[in-house]
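Engineer: next comes the sequence, and after it the predicted model I'd like to discuss.
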Amino acid sequence: MYAKTRQARDQISDLVKDSGPWFHAKVWLNIHVTLPHRKIDPINVIDVVADGVKLGINIDDNWFAIEKLDWSMGQEGLVDIEIWQEADQDYRVCTDCKEIRPLTEFTVNKRGPLGRAYLCKFCRRERYSKRSGN
């Protein structure tokens with residue numbers, strides 16, 4: 001990673017750190033980039049912004065959704081970022097049914113991510129009832 005890219009990522013991370021509370025749920029981003037010249041690709045800027053936000057709020061970028069990405073030409077190489085969530089609790093995706101569910105719908109597993117199991121309670125019940133022949 002180039003030094004300027006790493007510096008930009010770290011600056012973004014520092015700016016969004018402590019801006020929470022953040023939940024493991026969808027994180028919305030609006031990004032506007034002012035480019036000083038055409039040599040910078042706006043798409044690469046998304047990657048740097050997402051990495052910085054990911055480090056700052058400690059939420060995996062699989063949860064990120066970009067509502068708006070815009071760019072303009074200008075004197076400065078500026079990035080304006082708006083970040084928000086509509087969630088009020090943590091969520092995870094069940095590895096069996098692929099549904100996004102609140103953490104309360106997963107059994108406790110201290111070794112699992114977020115301290116919860118990979119399967120939701122419904123899928124776990126279904127799986128074990130099939131095993132026992134019920």
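Structural biologist: Received, thanks.

Engineer: so which residues of this structure form strands?
Structural biologist: 27-35, 64-73, 78-84, 91-93, 100-102, 106-108, 116-120 (DSSP state E).

Engineer: gap between the longest helix that the chain contains and the chain center?
Structural biologist: Longest helix in the chain, counting residues (DSSP state H): helix 42-57. Centre-to-centre, helix 42-57 and its host chain are 10 Å apart (CA atoms, centre = their mean, to the nearest Å).

Engineer: what does stretch 95-107 give?
Structural biologist: The mean C-alpha position of stretch 95-107 is separated from the chain mean by 17 Å, CA atoms, centre = their mean.

Engineer: on that earlier part again, compare the strands of the chain and give me the one nearest Leu15.
Structural biologist: Taking CB to CB, strand 78-84 is the member of these nearest to Leu15, at 8.2 Å. C-beta: built from backbone N, CA, C; applies to glycine.

Engineer: now for the closest one, which elements pack on it?
Structural biologist: Applying 3 or more CB pairs under 8 Å, 6 or more residues apart in numbering; DSSP states H and E, one finds that strand 78-84 contacts helix 3-16, strand 27-35, helix 42-57.

Engineer: on that earlier part again, so can I have JSON lines of the strands of the chain showing mean neighbour count?
Structural biologist: Formatted as JSON lines, the strands of the chain follow (neighbours: other CB atoms under 10 Å):
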{"stretch": "strand 27-35", "mean neighbour count": "18"}
{"stretch": "strand 64-73", "mean neighbour count": "12"}
{"stretch": "strand 78-84", "mean neighbour count": "14"}
{"stretch": "strand 91-93", "mean neighbour count": "18"}
{"stretch": "strand 100-102", "mean neighbour count": "15"}
{"stretch": "strand 106-108", "mean neighbour count": "15"}
{"stretch": "strand 116-120", "mean neighbour count": "20"}
